[in-house]
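[1] Sequence first, then the predicted structure:
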Amino acid sequence: MIKSETIIIGGGPAGASCALELKSRGRQAVILDKEAFPRSKLCAGWITPAVLRDLAIQPQDYPYGMLTMKRLQINVFGRRFTLPTRQYSIRRDEFDSWLLGRTGVTVFTHQARKIHKRDGSYIIDDAFSCKYLVGAGGTFCPVYTALFKDIRPRAPESLVLAMEKEIPCSTKDNLSRLWFFEHGLPGYAWCVPKEGGCVNAGVGGSYSGMKKKHMSIRSHWDSLTEKLENLSIDSRECSAPRGYAYYTRQDTGPADLNTAYLVGDAAGLATVDMGEGIGPAVRSGILAARAIADGKRYLLGSVRRFSLRDILLPGRA
Ligand SMILES: Cc1cc2nc3c(=O)[nH]c(=O)nc-3n(C[C@H](O)[C@H](O)[C@H](O)COP(=O)(O)OP(=O)(O)OC[C@H]3O[C@@H](n4cnc5c(N)ncnc54)[C@H](O)[C@@H]3O)c2cc1C
């Protein structure tokens, strides 16, 4: 049996931020992740200044490609606005792997399946044991299923479906483009520039909203690819996008239980307006670590519920 004071299940931004904060406070932690890093993660890779602040990252110190997006084009109800902003884009395989390496904690490649409590310790798959357990395993986190699904039920209305692909693009205007509510989509489509001549294009929206209107996310992807042709993106590059589901914020119950904590997507913390999940994952990971280290309540009050205000008013972000 491998023992650690804290075990974090999931080494994405939520788990890595929690591990880094615990380590900086002299507390012992290990991470279990079902995949060896670098691993692929579906995501547009848009990060806000708040993420860099919380992680104490200076863009110039990041060893991989980080693009600063200074302009944002918003398309809504047939109108187009271009606004100044200050946001960043990264590639998740690089970013997550770098964050995880930065923690300096031991990472086991292990898919956690069975979790139970014995004599005050959490036991994972009869192979790992800990006093504090952090569920950072994303939407399908086993800590959520084992301990939280009845006390923090997930509301179907907060489920988001998203589909995306990274595509080569010769347009180098570094403009981030968003299209809201096109063709009745209860959400938005995006085209986010990346370092190295690529964009991440995608669509995302409320699952229940699409179901009510008998829409499929795939049909919205097809509409987006038509727009991308105006950016000289070959429609053949848009084949085989990949989809994923996650939950936006709804505090239906506690995200802690005795000495177990849920962070990031496992807790369903993405912002309600934009489905931004990296910032809430990072902040909640740090808050859980502080709760463990200081013996205080795990409160999610400082995890942002909305993104748009800070994106549109970059001075405040
Ligand atoms: C298409 C798409 C685009 C998005 N774009 C953005 C964006 O641009 N900006 C933004 O802020 N957010 C975006 N999001 C949301 C964002 O990706 C997530 O909110 C964020 O990744 C949550 O981080 P996390 O650490 O909680 O979970 P994850 O990043 O999902 O990490 C969870 C980790 O847990 C591991 N794991 C899972 N199950 C187990 C298990 N049983 N045992 C061990 N390990 C396990 C996984 O391998 C994974 O490494 C997007 C989401 C999608 C689907």
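    Alright, I've got the coordinates.

[2] And stretch 293-301, end to end?
    18 Å (CA to CA, to the nearest Å).

[3] Check stretch 209-224 too.
    Terminal-residue distance, stretch 209-224 (CA to CA): 18 Å.

[4] Name the residues of the stretch 151-300 of the chain found near the ligand, please.
    162, 164, 202, 244, 246, 264-266, 270, 276-279, 281 (CB under 6 Å from any ligand atom). All C-beta atoms are positioned from the backbone trio N, CA, C, and that covers glycine.

[5] Could you identify the most distant pair in the residues you listed?
    Using CB to CB, the two most remote members of these are 202 and 266, lying 21.9 Å apart.

[6] Mind checking which of those two has more residues around it?
    residue 266 (32 against 26; other CB atoms under 10 Å).

[7] quick one: the more buried one and residue 146 touch, right?
    No. Between residue 266 and residue 146 there is no contact under CB atoms under 8 Å: 11.3 Å.

[8] rewinding a little: going by neighbour count, which of the residues of the stretch 151-300 of the chain next to the ligand comes out on top?
    For those, neighbours tallied by other CB under 10 Å; top is residue 264, 34 neighbours.

[9] ok, how many other residues are close to the nearest residue to that residue once chain neighbours are set aside?
    Nearest non-adjacent residue to residue 264, counting by CB to CB, 6 or more residues apart in numbering: residue 14, 2.7 Å away. Other residues near residue 14 come to 33 when the count uses other CB under 10 Å.

[10] which residues sit in contact with the closest residue to the ligand within the stretch 51-200 of the chain?
    With CB to the nearest ligand atom, the shortest gap between the stretch 51-200 of the chain and the ligand falls at residue 138, namely 3.1 Å. Taking CB atoms under 8 Å, 6 or more residues apart in numbering, we find residue 138 in contact with 10, 12, 246, 264, 265, 266.

[11] For the last one, give me phi and psi.
    Recorded main-chain torsions at residue 266 are phi -60, psi -30, according to degrees, to the nearest 10.

[12] For it, which non-adjacent residue is closest in space?
    residue 141 (3.6 Å).

[13] Which pLDDT value goes with the one you found?
    What the model reports as pLDDT for residue 141 is 98.

[14] And for the one 4 residues further on?
    As summarised for this prediction, residue 145 has a pLDDT of 97.

[15] how many neighbours does it have?
    14.

[16] so how far is residue 138 from it?
    12 Å (CB to CB, to the nearest Å).

[17] now do residue 57
    22 Å.

[18] Check residue 229 too.
    Distance from residue 229 to residue 138, by CB to CB: 33 Å.

[19] Which elements pack onto the lowest-mean-pLDDT helix or strand in the chain?
    Across the helices and strands of the chain, mean pLDDT, DSSP states H and E gives its lowest value to helix 308-312, namely a mean of 78. Helix 308-312 makes packing contacts with strand 79-89 when contacts are defined by 3 or more CB pairs under 8 Å, 6 or more residues apart in numbering; DSSP states H and E.
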